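A.B. asks: Give me coordinates for this.
(one chain, ligands or ions: 1)
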Amino acid sequence: MVPDLSGVQIKTTHVNRNVYMLEATGDVAGNIGASVGPDGILLVDTQFAPLADQIRSSLTAIGGKEIRFIINTHSHEDHTHGNTVLGGEATLVAHIQTWQHLKKDPNRSLEKVITFDKQKSFHFNGERVDIMHFPNGHTASDAIVVFTGSNVVHLGDLLNSGNWSFPFVDLDLGGSIDGLIRNVKSILDLIPQGAAIIPGHYEITDKEGLKMTYDMLLETSGIVREKIALGQDLEQIKAEGFPAKYDSWGRGYTQAAQWIENIYNGL
Ligand SMILES: [Zn+2]
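C.D. replies: Residues are numbered from 1 along each chain as shown. Below you'll find the model as predicted:
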């Protein structure tokens, strides 16, 4: 479902070297990562089709020419709805399970497609770009994109940065609470010190920001787990909520009660 996009603007931030982040104001769509250079444009996610004109002008403004590759981090609409309208002659790159979802919708797959299972590497705009699958976290088939030369990582919805919003685990699409925690830990171990992180939602962050989310995931899921073990039902757990230090996390698209329900259903 496409939300109300009236008045939404695309804000461009230079992350490092060839890599930029394109963000829709009001967090109405997932953040786009873009490598822009002599080889053309490699785009990570595409937000919503009605924003495509603005996205294209933003790319032109930073010297972007042809979009050659579109990588999708996962199949959710706020990351993939713009695929066809932006794609044109581009090649779509997605995890095989992600693509199985995308191809059900004629507007979200492209003519040329590359799928992968565990990992795929590109050599583009002077650096190696690694796409890696992290199974059963936010969905079954989340991928992260590592720009190795620029030291930038796009984490898709494995991360909402900051302390604005609790995450969302799509249990219907193969996501898992424990899987998300495990994947975030693996990513913390994997990415180099000093890496800039483009999250699926909210502002650019770093390993410290990811660690803060990891600690939150461990503690909040632990709280719900303990209460379930004590025999409390969902309504009781929701009524008690989380400690006050988590109050700020309920300002985004997942509030405390929804996150408690998500954990409860996922455990
Ligand atoms: Zn998502």
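
A.B. asks: any chance you could map the strands in the chain?
C.D. replies: For the chain, the strands defined by DSSP state E occupy 10-16, 19-24, 32-37, 40-44, 67-71, 91-95, 112-116, 119-124, 127-135, 141-147, 152-154, 196-198.

A.B. asks: Residue 31 and residue 215, how far apart?
C.D. replies: 22 Å (C-beta to C-beta, to the nearest Å). No exception for glycine: its C-beta is placed from N, CA and C like everyone else's.

A.B. asks: swap in residue 148?
C.D. replies: Taking C-beta to C-beta, one finds residue 148 at 27 Å from residue 215.

A.B. asks: Tell me which of those two has more neighbours.
C.D. replies: Counted by other C-beta atoms under 10 Å, residue 148 and residue 215 do not tie: residue 148 has more neighbours, with 14 against 11.

A.B. asks: Contact partners for the more buried one?
C.D. replies: By C-beta atoms under 8 Å, 6 or more residues apart in numbering, the contact set of residue 148 is 127-130.

A.B. asks: Quick check: it vs residue 250, distance?
C.D. replies: 36 Å.

A.B. asks: same deal with residue 67?
C.D. replies: Separation of residue 67 from residue 250 (C-beta to C-beta): 37 Å.

A.B. asks: Around the ion, which positions in the chain sit nearby?
C.D. replies: With C-beta under 5 Å from the ion as the criterion, the chain meets the ion at residues 76, 157.

A.B. asks: try 8 Å this time
C.D. replies: Residues of the chain lying near the ion by C-beta under 8 Å from the ion: 30, 73-74, 76, 78-79, 138-139, 156-157, 168, 170, 200.

A.B. asks: Where do the helices of the protein begin and end?
C.D. replies: Secondary structure of the chain (DSSP state H): helices located at 52-61, 77-80, 83-87, 96-102, 177-190, 207-229, 234-240, 256-266.

A.B. asks: so the closest residue to residue 123 other than its chain neighbours bridges to which residues?
C.D. replies: Excluding its sequence neighbours, the residue lying closest to residue 123 (C-beta to C-beta, 6 or more residues apart in numbering) is residue 129, at 7.6 Å. With DSSP bridges as the criterion, residue 129 is bridged to residue 122, residue 147.
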